[in-house]
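>>> Curious how this folds, go ahead:
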Amino acid sequence: MRQEPARGLGQLVRWPLRWPLLAQPAPLVVYVMAVLGCDLALICWELARTRPRPGELLLFGTLLACGAICIEATRRLGMPAGLSRDLLSAWWLPIALLLPPVYALIAPIPLSVLLQLRVRRSVIYRRVFSAAALGLAGGVASIVFGHFGLRAGTVRDLAAWFTSPGPEVWFTRPVTVVIAVGCAGLFSVLNATLVAIAVHTAEPLIRWREVLWDSERLTLDVTEVCVGVLVTIACALNPVLLFVGLPPVILLQRSLLHQQLQAAARTDAKTGLLNVAAWQREADTEIARVRRTSESLALLLVDIDHFKRVNDTHGHLVGDQVLAALAQQLRQQVRDSDMVGRFGGEEFVVLLPGADAAEAAMIAERLREQVSTTVTVVGDTDVAVTVSIGAAVLGLHGDDIPGLLASADLALYQAKEAGRDQVCLPEPRYEPDSVQSVIVIDPPLREDSSTSFR
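Predicted structure coming up:
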C-alpha cells in the first residue's frame, strides 16, 4: 500500500519528460521556451502598468466575439494540418491599434483555445507557440502605434460608445492611416518571422524562402493587412460597423480555408509533395501540352535503397524524417517547372518537361550523388541512404504516363539488380512488343565505373 503513493509521485515527476516538445531537437525546445517566456513576461509587465477601462473592455470583448463568430462560421470546413492561414488578424489588428498592448498580448489565447476545441486539435505546444507568436507580434505593433500618440482618443468612454460620433483622427490626419498600415505590416512580418524560425529550426533542410514568403503568401499578407486596417477604421468610427464588416470577413475566411483545404487534398502529408492522384492529373496535362509543342519530356522513378532497414533500425518516425529530407533534396535538384510527387512508400516520381535522354540521365545522376553524400540528422541519429533511379523519355520508351512509368519501373528494377545506388535508362523501344534492354549508368568516381548493357 505504501508503494502506490511513491509510484504515483514517480509518474508525476516523469510526466513532463513525456511532453512532445521535449522530444524535439534541443534548439527548437530552447527557441519555443524563449518565445513563450518573452510573451509571458511582456503580459505580466503590461498587466502591472495597465488600468482597465469599461469602454476598452467592452471593445475588446466585442472584437473577440467577432473572432469567435468567424471561427464558428468556418468550423465545418475544418483547417488543414501544418502551416495554415486565416483572417483572424482582421480582429487582432483592431485590438492592437485601438487598445493598450496588454489586450493584443492576451487576445490570441481565448481564440486559440476555441480553435483547439472547436476546429482542429493540434499538438499543444504548437498551438501555444502560435498564440505566443501572435501575442508578441500584436504587442509590439501596439507599442509602436502607441508610441506615436495615435491611440489617444480613438476609444471612447462606455457612456458615449453608441451615442456620439467616432474620432475623426482617421480622416483629419491621413498620416494616422499610413502609420496604422505600417504597424499592421510590422505585425505580419514579426509573426511570420517567429513561425519561420521555429519551422526552420525543426527542419533545417527546408529553405528559408519556403517558410517565409512567396508570391501567394505575400498576397495573403497584404490582404490581411488591408482588411485589418479597414476593420480598425470602421471600429474607431462606430463599433456598430463591426457587424457590417463581419459577413464579408467570414466570406473571405471561408474562401481562404477552402483553397487551403483543396491544396492539402493534393499534397502528401509526410513530404509536402504532390500525391499520386494530383501528380497524375498534372502529368497528363503536361503530356498533352508537350505533344502540341513537340517538346521533349522525361520521367524519373526514384526509390530509396533498403528503406525497410531504416524503419526497422531507427523506427518509423525517423523513416518519415528521411522521406521528408529526400523530398527536400528532390525539390532542390530539379527546376521549378518540374513536377515532383510521392509515388508511394519510399518511391518518388519526377516529371522533367523539356528534358531529353542525356539531360534526364545527368539530372538523375546528380540527384543520386547528392543523396549518397548527404547524411540526414534526426535528433542524435545520423541516417545515410542511397537511391536507385529509373528513367524514361517520351517517345523513346512510352507515349503516355503509364508507358513511361512502366519503362522507368523496369529500369529501376534493373538498377536494383545491378547493385543499387545506380541510374538506369532503357534503350529506345522501337517496336511495341520488343523486349527492352537497359543501360546501367554506374556512378562515376568508382573503380569499376563503366557503362554496361543488360
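>>> Tell me the secondary structure of residue 302, please.
When classified by DSSP: H, G, I helix; E, B strand; the rest coil, residue 302 comes out as strand.
>>> Go ahead and confirm it touches residue 330.
Yes - using C-beta atoms under 8 Å, residue 302 is in contact with residue 330, at 7.1 Å. The C-beta positions use only the backbone N, C-alpha and C, and glycine is treated the same way.
>>> Where does pLDDT dip in the stretch 101-250 of the chain?
Across the stretch 101-250 of the chain, the ranges flagged by pLDDT under 70 are 149-172, 205-207, 209-210, 213-215.
>>> Try it again at 50.
Across the stretch 101-250 of the chain, the stretches falling below the confidence threshold (pLDDT under 50) are 152-153, 158-160, 162-166.
>>> can you pull out the helices in it?
Residue ranges of the helices in the stretch 101-250 of the chain, as given by DSSP state H, counting those that start in this stretch, are 101-106, 108-118, 124-147, 169-172, 174-202, 208-211, 215-237, 241-265.
>>> Just confirm residue 391 is within a strand.
Yes - counting by three-state DSSP, residue 391 is part of a strand.
>>> Look up how far residue 275 lies from it.
Separation of residue 391 from residue 275 (C-beta to C-beta, to the nearest Å): 22 Å.
>>> that older thread, quick one: common contacting residues for residue 302 and residue 330?
Taking C-beta atoms under 8 Å, 6 or more residues apart in numbering as the contact criterion, the residues that touch both residue 302 and residue 330 are 348, 350, 367.
>>> Sitting in strands, which of these do you find?
In strands, defined here by DSSP state E, the members of the shared contacts of residue 302 and residue 330 are 348, 350.
>>> Keeping just the C-alphas, turn stretch 368-377 into PDB.
Listed next in PDB are the C-alpha coordinates belonging to stretch 368-377 (Å, rounded to 0.1, in the frame of the first residue of the first chain):
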ATOM      1  CA  ARG A 368      21.800  10.100 -56.900                       C
ATOM      2  CA  GLU A 369      25.200  11.600 -56.000                       C
ATOM      3  CA  GLN A 370      23.600  14.300 -53.800                       C
ATOM      4  CA  VAL A 371      21.600  11.800 -51.800                       C
ATOM      5  CA  SER A 372      24.600   9.400 -51.400                       C
ATOM      6  CA  THR A 373      26.800  12.100 -50.000                       C
ATOM      7  CA  THR A 374      24.200  13.600 -47.600                       C
ATOM      8  CA  VAL A 375      23.500  12.500 -44.100                       C
ATOM      9  CA  THR A 376      20.100  13.100 -42.500                       C
ATOM     10  CA  VAL A 377      20.400  14.200 -38.900                       C
END
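>>> Buried residues of that stretch, list them for me.
368-369, 371, 376 (16 or more other C-beta atoms under 10 Å).
>>> Among these, which are located in helices?
368-369, 371 (DSSP state H).
>>> what comes up buried for stretch 181-201?
Going by neighbour count (16+ other C-beta under 10 Å), the buried part of stretch 181-201 is 183-188, 190-192, 194-201.
>>> Identify the residues contacting that stretch?
Contacts of stretch 181-201 from elsewhere in the structure, counted by C-beta under 8 Å, 6+ apart, are 25, 27-28, 31-32, 35, 83, 89, 92-93, 96-97, 129-130, 133-134, 136-138, 140-142, 144-145, 206, 208, 211-213, 217, 221, 224-225, 228-229.
>>> tally of neighbours for residue 312?
Around residue 312 there are 11 other residues, counting by other C-beta atoms under 10 Å.
>>> which element is it on?
Per DSSP states H and E: residue 312 is located in helix 307-314.
>>> May I see the buried residues of the following helix or strand past that helix?
The first helix or strand that comes after helix 307-314 along the chain, using DSSP H and E, is helix 316-333. Of the residues in helix 316-333, those scored as buried under the neighbour-count criterion (16+ other C-beta under 10 Å) are 318-319, 321-331, 333.
>>> same deal with stretch 356-364?
356-357, 360-361, 363-364.
>>> now swap in stretch 416-427 and tell me
Buried residues in stretch 416-427, counting neighbours by 16+ other C-beta under 10 Å, are found at 416, 418, 421-427.
>>> Give me the subset of those lying in strands.
Filtering those for membership in strands, criterion DSSP E, returns 423-426.
>>> Identify the farthest-apart pair in the residues you listed.
Pairwise distances across those (C-beta to C-beta) peak at 11.8 Å, for the pair 423 and 426.
>>> Mutual contacts of these two, please.
residue 391.
>>> where does the closest residue to residue 280 other than its chain neighbours sit relative to residue 139, distance-wise?
Nearest in space to residue 280, with sequence neighbours left out and distances taken as C-beta to C-beta, 6 or more residues apart in numbering, is residue 401 at 6.6 Å. The span separating residue 401 from residue 139 equals 52 Å under the rule C-beta to C-beta.
>>> And residue 244, by the same measure?
Taking C-beta to C-beta as the criterion, residue 244 is separated from residue 139 by 28 Å.
>>> Which residue of these two possesses the greater neighbour count?
Taking other C-beta under 10 Å, residue 244 and residue 139 do not tie; residue 139 has more neighbours (27 against 10).
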